[in-house]
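**Student:** just coords:
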């Protein structure tokens, strides 16, 4: 799948004002596969490119886009306005609901990740002891590895996303294992 065939990328130019930089089509394909294989009720925190690339309409009924940019609300009943600065404002009907959460914040700083972590803990499925059991997949810079382990028990994976117009290289981090996440992305080669 190349970028010209991904309808989302073609129809939605990146918006630097919102720090919106899209994954490559191949990376989006990997993230769609991770969603389909690891979740039943899925939350997409600041990841519209992946949300809108899911083709399975039945599956999409249980997927929700938490996003600040209201342009993605058009024709989307599963759009939840999300200002990461106020995760406590997430409507209660979404608390403790999601077994898969995909996260790609617009900023890489600790204060932002603390807010996204809080949001994930609010909406993520928990067990009877209130322990977070949702599968979480996130992308950030390598330097955030220790912080992401501390905040969400995320482990750095071998696979890395390609984000063509971003000036630095991200990595994937997850709290679950999957062979696709432990393989080198051939687009990057490391």
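**Tutor:** Noted; the coordinates are in hand. Remember, it's a predicted structure, so these values are computed and weren't measured experimentally. Numbers count the residues shown, from 1 in each chain.

**Student:** Burial check on residue 86, number of neighbours?
**Tutor:** Look at residue 86: counted by other C-beta atoms under 10 Å, it has 11 neighbours. In short, each C-beta sits where N, CA and C put it, glycine included.

**Student:** Can you pull the phi/psi pair for residue 82?
**Tutor:** Torsion angles at residue 82 (phi, psi; degrees, to the nearest 10) stand at phi -140, psi 110.

**Student:** Contact partners for it?
**Tutor:** Contacts for residue 82 (C-beta atoms under 8 Å, 6 or more residues apart in numbering) come out as 45-46, 66-68, 90, 119.

**Student:** And the helices in the protein, which stretches?
**Tutor:** In the chain, helices defined by DSSP state H lie at 7-11, 25-38, 48-51, 57-60, 110-123, 145-152, listed in chain order.

**Student:** ok so, going back, narrow the contacts of residue 82 to those in strands?
**Tutor:** Secondary structure assignment by DSSP state E places 45, 66-67 of the contacts of residue 82 in strands.

**Student:** Most neighbours among the contacts of residue 82, which one?
**Tutor:** residue 66 (29 neighbours).

**Student:** Just give the nearest non-adjacent residue to that one, would you?
**Tutor:** Counting by C-beta to C-beta, 6 or more residues apart in numbering, residue 66 lies nearest to residue 82, which is 3.7 Å off, once chain neighbours are set aside.

**Student:** what about this protein, any weak spots by pLDDT?
**Tutor:** Scanning the chain for pLDDT under 70 picks out the ranges 1-4.

**Student:** show me the residues around the closest residue to residue 35 other than its chain neighbours that make contact.
**Tutor:** Among residues not flanking residue 35 along the chain, residue 42 sits closest, at 5.4 Å (C-beta to C-beta, 6+ apart). Applying C-beta under 8 Å, 6+ apart, we find residue 42 in contact with 35, 62-64, 98-102.

**Student:** can I get the contacts of residue 82 in TSV with distance to residue 130?
**Tutor:** Listed next are those as TSV, based on distance: C-beta to C-beta, whole Å:
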residue	distance to residue 130
45	21
46	25
66	21
67	27
68	28
90	17
119	16
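
**Student:** which residue sits closest to residue 117 in space, ignoring its chain neighbours?
**Tutor:** Excluding its sequence neighbours, the residue lying closest to residue 117 (C-beta to C-beta, 6+ apart) is residue 151, at 4.0 Å.
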